[in-house]
Each structure stands twice: as C-alpha cells, then as structure tokens.
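[1] Below are the sequence and a predicted model; questions follow.
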Amino acid sequence: MKKIFLSSLALILILIFSVSATYAYLTDSAVAVNTFTVGQVGISLTEDTAAKSSPGNILIPGLTYEKKPLITVDDESQPCWLFIELENGLEDIEAVGDTSIAAQLKKNGWLPLEDTEDVYYYSSVVSAGESIKTFESFTVSSDVTAEELAACDGATVGVTAYSVQAAGFNSAADAWAQAM
C-alpha cells in the first residue's frame, strides 16, 4: 500500500510538473506602449523695413511704397494652411493692374477665401521652415485727386496672419471654418 501511495504521489507530481512546464512553454506576454505628443503650429509675420519709400508714409500720386509682409512657418511646426486678413485702407486710390496688392497676392499663390471679406489663403499646405511672400508694394494711382487723397488720410494697410494645422482638413476653407 505504501508502494501504491508513493507511486501515485510520484505520478501526481510528474503530472503537475508536466502541466506547469507545458503551460509556461505555451504562454507569453508583451506590452506595447504608445507615447503621444501634442503637435504645434507656429508662424511668424515679419516685414522688411529696410527699404522704405523716401517720403515715408506721406501719400503722393504715382509713388510706389514698399511693404513686404513675409510669413514663416516655425521649424518645429506641423504642416499647416496659411491665411491672411488684409486691411487695405488705400484700395480706393491704389493703382490698378499688376502692381495692386490683390494682383501681387494672386501672383504669389494667395486666393480669396469664399464667403469672407478680405481673407486670403495660401494655395497649398505649407511645411515647417517655409517662408511665403504675400506682396511687396503698392502704388498710389497717378490720377488720384486731392479729395480722394484727403479721404485716405490716416488709412492703413495691415496684414494679420493665421495658421491652422493641415491634418484633419480637406481644404483651407474647412480649416478656416472649424478654427475661426
């Protein structure tokens, strides 16, 4: 009986070790950790102030005034859509044609944003480190009258720049509608 008991105990121990070894052999585990960071969209708006027109900000018919707003996407920025809001208080006395601010914007890839007033968007997504021209100057019409000049006393030409991440938006219009 002792022999049967020891044999049974030995068999049970062998069975336990066999199952444990098989279980250990057939199991595995792995851990995957995803770390997420928040992307940034950043821009700067600068203007070349080195080359100002000789009369400064005094409006003179036929004279061209330099104004060179430049938008640069930060080096660490995510790709983005660029927008500008243009305040052109001199539009009524500005010379028409290729030298107008609107014509220069179009030439440099800026398009008017539908259903907005004075908002333009750059025609493609802009990547980190890229600099985008807006316009370079404006010219006062040579046929402007003294009354028209007087009406523009104190008028300004201003540019406000905006950026919206490109990811998640199918178009600049979608990005503007959601962000603004």
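    That came through fine. Bear in mind that the values here come from a model prediction, so they are computed numbers and not experimental data.
[2] tell me which residues form a beta bridge with the residue positioned nearest the centre of the chain?
    Centrality entry for the chain: nearest residue to the mean C-alpha point is Cys80, 2.8 Å, by CA atoms, centre = their mean. Taking DSSP bridges, one finds Val126, Gln165 as the beta-bridge partners of Cys80.
[3] what's the distance between it and Thr160?
    16 Å (CB to CB, to the nearest Å). (Glycine included, C-beta is placed from N, CA and C.)
[4] on that earlier part again, gap between the residue nearest to the centre of the chain and Trp176?
    From Cys80 to Trp176 the distance is 12 Å (CB to CB).
[5] next helix or strand past the lowest-mean-pLDDT helix or strand in the chain?
    Using mean pLDDT, DSSP states H and E, the weakest-scoring helix or strand in the chain turns out to be helix 2-26, at a mean of 61. Sequence order places strand 43-47 as the next helix or strand after helix 2-26, per DSSP states H and E.
[6] So what's the gap between that following strand and the chain middle?
    Mean-position distance between strand 43-47 and its chain equals 13 Å (CA atoms, centre = their mean, to the nearest Å).
[7] who does it pair up with?
    Counting by DSSP bridges, strand 43-47 is paired with strand 69-73 (antiparallel).
[8] Give me the mean pLDDT for the strand it pairs with.
    The average pLDDT for strand 69-73 rounds to 95.
[9] low-confidence ranges in the chain?
    Applying pLDDT under 70 to the chain flags the ranges 1-3, 5-29, 35-38, 49-55.
[10] Overlap of the contact sets of Cys80 and Trp176?
    Residues touching both Cys80 and Trp176 (CB atoms under 8 Å, 6 or more residues apart in numbering): Val164.
[11] Is the residue nearest to the centre of the chain in contact with Ile43, as I believe?
    Yes - the pair Cys80 / Ile43 is scored as a contact, 7.5 Å apart, by CB atoms under 8 Å.
[12] For Asp98, give me its contacts.
    104, 107.
[13] and Gly42, backbone torsions?
    Reported as degrees, to the nearest 10, the phi and psi values for Gly42 are phi -140, psi 140.
[14] I meant Glu147, not that one.
    phi -70, psi -40.
[15] What of Leu149?
    The phi/psi pair for Leu149 (degrees, to the nearest 10) is phi -60, psi -40.
[16] and it, how many neighbours does it have?
    Applying other CB atoms under 10 Å, we find 18 residues neighbouring Leu149.
[17] any idea how far the residue nearest to it when sequence neighbours are not counted is from Ala32?
    Spatial nearest neighbour of Leu149, chain neighbours left out: Leu59 (5.6 Å); criterion: CB to CB, 6 or more residues apart in numbering. Distance of Leu59 to Ala32, given as CB to CB: 66 Å.
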